[in-house]
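A.B. asks: Could you work out the structure for the sequence below:
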Amino acid sequence: MIPDALLQVAINQNVKAALAEDIGNGDITAGLIPVSAQSRARIITREPMVLAGRPWVEATCKAFDPQITLHWPVIEGSEIAPNGTVFEMEGSSRSLLTVERTLLNFLQTLSGTATVVRHLVKQLEGTRTRLLDTRKTLPGLRIAQKYAVSIGGGLNHRLGLFDAFLIKENHIMAAGSITAAVTQARTLAPGKPVEVEVENAGQLDEALMARADIIMLDNFSMDAMKTAVKHTAGRALLEASGGIHAANLRTVAETGVDYISMGALTKDVKAIDLSMRFVD
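C.D. replies: Presented below is the predicted three-dimensional model:
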């Protein structure tokens with residue numbers, strides 16, 4: 001769960017940067033429109049989608065022109081069919097045209113993330129396994145994409161390098177062993193979750209002996225994952241990672257692991273096809 005304060009800071013930073021990037025020292029094309037002109041616009045989707053990104057849309061309009069009014073027929077997280085209305089907006093014609101691309105960029109990207117996650121989460125129904133995101137996010141949009149994952153029904157892994165330990169191969173080599181790394185983690189930041197990535201049964205045993213909170217099974221075969229689940233017997237939470245995609249997601253979940261993490265949720269995001277049209 002992303003803390004509200006952190007979420008709001010991210011939204012404000014994202015919107016400020018995006019507007020500056022797009023508008024620069026002024027929208028010269030919107031300048032062709034009379035200052036007094038008022039319009040109503042409808043945003044529609046050309047494909048099935050899960051709505052995610054409303055806070056960014058609202059913040060974009062508020063930052064640029066607080067007189068823009070928004071009308072949302074559905075709530076955040078709703079599934080919208082092709083050609084369905086996502087929202088409508090009214091205000092200065094110049095303002096609507098100027099903010100169009102910025103707000104659609106946020107909406108198409110975050111809804112794209114949420115849509116993929118919702119599809120995958122539905123495949124896990126009936127299992128104990130929960131879907132996790134990773135730190136493989138678009139630069140500057142870490143919080144935004146993790147927000148979208150949660151809207152789609154997934155869970156957030158650590159937000160960054162500051163809120164949980166993830167001890168991987170290179171950390172283990174540099175620290176000397178799994179045991180040494182976990183021991184140091186407990187001393188350095190007591191109370192922070194400690195996760196260890198393992199590549200074989202021997203490392204799994206060492207991570208269990210070191211009392212890691214979560215153990216990531218990196219590129220384990222299906223049989224090896226089943227064996228690891230049985231051997232661990234609840235002594236730690238198990239996370240499957242590596243080589244997992246839509247076609248084998250359910251099979252991995254049926255091994256009994258607690259979590260499946262997929263970098264593709266955020267790094268391979270495909271934007272939703274959205275369109276804005278002025279209406280009478």
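
A.B. asks: residue ranges for the strands of the stretch 101-250 of the chain, please.
C.D. replies: Per DSSP state E, counting those that start in this stretch, the stretch 101-250 of the chain carries strands over the ranges 130-132, 165-167, 194-198, 214-218, 237-241.

A.B. asks: While we're on Lys192, how confident is the model there?
C.D. replies: Residue-level confidence at Lys192 comes out at 97, pLDDT.

A.B. asks: was I right about it contacting Ala164?
C.D. replies: Yes. Applying Cβ atoms under 8 Å, one finds Lys192 in contact with Ala164, separated by 5.8 Å. Backbone N, C-alpha and C define where each C-beta goes, glycine included.

A.B. asks: Who has more neighbours out of the two?
C.D. replies: Regarding Lys192 and Ala164, a neighbour count based on other Cβ atoms under 10 Å identifies Ala164 as having more, with 17 against 14.

A.B. asks: Confirm for me that that one is in contact with Val196.
C.D. replies: No. Distance between Ala164 and Val196: 11.7 Å, which falls outside the contact criterion (Cβ under 8 Å).

A.B. asks: which of the strands of the stretch 101-250 of the chain sits most buried?
C.D. replies: Mean neighbours per residue, mean count of other Cβ atoms under 10 Å, is largest over the strands of the stretch 101-250 of the chain for strand 194-198, with a mean of 25.

A.B. asks: how far off strand 237-241 does that one point, in degrees?
C.D. replies: 50 degrees (axes from the mean of the first three to the mean of the last three Cα atoms, to 10 degrees).

A.B. asks: Parallel or antiparallel, which strands does strand 194-198 pair with?
C.D. replies: Sheet pairing for strand 194-198, assigned by DSSP bridges, gives strand 165-167 (parallel), strand 214-218 (parallel).

A.B. asks: out of those, which comes closest to Pro48?
C.D. replies: strand 214-218 (32.3 Å; Cβ to Cβ).

A.B. asks: Kindly export the closest one (C-alpha atoms) in CSV.
C.D. replies: This file holds the C-alpha atoms of strand 214-218, laid out as CSV (Å, rounded to 0.1, in the frame of the first residue of the first chain):
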residue,chain,number,x,y,z
ILE,A,214,10.5,-14.0,2.2
ILE,A,215,12.5,-16.3,-0.1
MET,A,216,12.5,-15.7,-3.8
LEU,A,217,12.8,-18.8,-5.9
ASP,A,218,14.7,-17.6,-8.9
